[in-house]
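# need coordinates for the below:
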Amino acid sequence: MAIALNQLQANFPCRLCGSAALRPYYRLGHHDQFKYFRCPTCALVNYDLSGGLDQNQYIELIDPTDDNAIRNHDKDASWSFIERWLPGPGAFLDVGCGTGRLLYLAHRAGWDACGLELSDEAAKLARDVLGMPVTVGDFLTIDPENAKYDLVALRHVLEHLVDPILALEKINARLKPNGYALFEMPNIEGIDKRLKRLLANADWHRKRFTEDYVPGHCNEFCRASFEFLLLKSGFELIRWETYSMKPVANFIYTRIHIGNKARALVKKISH
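Now for the predicted structure:
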């Protein structure tokens, strides 16, 4: 018989604050085998990594210059946000750049742009189509180059990184004094995510998963846990909003921050 959610125990500390008091939060998977624990100290939701990870499910090979490709439209929205909230062109690094849509938009706007990407295929497509520098490597282990940037972007990357503090330290090292970083990530406390957890935990409704489904996110953030991370790593929050690619929902979510996707602009605190 399956163990009840409230009887589950984490055998690892919180990956953000080190607390050992993690509490069971929800489960996923065809057999509810993937377990998530919320930290009462910093609010980070930690996935129990013993269940395994699948990061390859997110690779998409899309022409970065195709203005009509639907899968490019979310990057277009990100670039509109950058142009709205940041000063003019500078040096830009896109971490997890995929096939380079943001690099393309940045270059077109006069930025000196380069990318870092885990997938050889995606990086090759970006280089071949755009003729722009894209390095293949793991952001947490690759040695930073001497170049410093005005802006570093991590769009839906942070939640895939095991060590969020190390990730922010790596960004800090790559930024110029008073440089900026753009983050986009799921908002684990979005109103629809809360409702789905409520229904699942009450056994009223569960999402269907394939037998071979394996999660790809190590950590799930909300505004509170993200701000906790910023305080530990030398950044200040400039702008936080949630968003949707559906126009009506986006109009609401960017004003009332209850959406399931979050966008945050932060600034390096220079001493």
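# what's the burial count for the closest residue to Ala109 other than its chain neighbours?
Counting by CB to CB, 6 or more residues apart in numbering, Ala109 lies nearest to Pro89, which is 6.3 Å off, once chain neighbours are set aside. Just so you know, the C-beta spots here come from the backbone N, C-alpha and C atoms, and that holds for glycine as well. Residue neighbour count, defined by other CB atoms under 10 Å, stands at 16 for Pro89.
# so Lys261 touches Glu189, yeah?
No - in this structure Lys261 lies outside contact range of Glu189 using CB atoms under 8 Å: 11.8 Å.
# compare these two (neighbour count), which wins?
Each of Lys261 and Glu189 has its neighbours counted (other CB under 10 Å); Glu189 has more, 21 against 18.
# that one: what's its closest spatial neighbour, skipping adjacent residues?
Per CB to CB, 6+ apart, closest to Glu189 is Cys222, 4.0 Å.
# give me phi/psi at the one you found?
Cys222 adopts backbone torsions of phi -130, psi -180, taken as degrees, to the nearest 10.
# how close does it get to His107?
34 Å (CB to CB, to the nearest Å).
# how about Val95?
17 Å.
# which of those two has more residues huddled nearby?
The residue with more neighbours, out of Val95 and His107, is Val95; 21 against 18, by other CB under 10 Å.
# the more buried one: what's it in contact with?
115-116, 139, 152-154, 157, 171 (CB atoms under 8 Å, 6 or more residues apart in numbering).
# tell me which helix or strand in this protein has the weakest average pLDDT.
helix 191-201 (a mean of 85; mean pLDDT, DSSP states H and E).
# next secondary structure after that helix?
Next helix or strand after helix 191-201 toward the C-terminus (DSSP states H and E): strand 219-220.
# helix or strand right after that following strand?
Remark: after strand 219-220, the chain's next helix or strand is helix 223-233, criterion DSSP H and E.
# pull out the buried positions in the helix or strand following that next one.
Using DSSP H and E, the helix or strand that follows helix 223-233 in sequence is strand 235-243. Under the neighbour-count criterion of 16 or more other CB atoms under 10 Å, strand 235-243 has 235, 240-243 buried.
# and the angle from strand 235-243 to helix 223-233?
160 degrees (axes from the mean of the first three to the mean of the last three CA atoms, to 10 degrees).
# contacting residues around the next helix or strand after strand 235-243?
Following strand 235-243 in sequence order, the next helix or strand is helix 247-253 (DSSP H and E). Contacting residues not belonging to helix 247-253 are listed as 241-244, 258-259 [CB under 8 Å, 6+ apart].
# can you add pLDDT and distance to Leu231 and give these back as CSV?
CSV is the format used below for the contacts of helix 247-253 (pLDDT from 0 to 100; distance: CB to CB, whole Å):
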residue, pLDDT, distance to Leu231
Glu241, 97, 20
Thr242, 97, 21
Tyr243, 96, 24
Ser244, 95, 28
Ile258, 95, 23
Gly259, 95, 24
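# nearest to Asp74 among the residues you listed?
Tyr243 (8.9 Å; CB to CB).
# can you pull the contacts of that closest one?
Counting by CB under 8 Å, 6+ apart, Tyr243 makes contact with 77, 250, 253-254, 259, 261-263.
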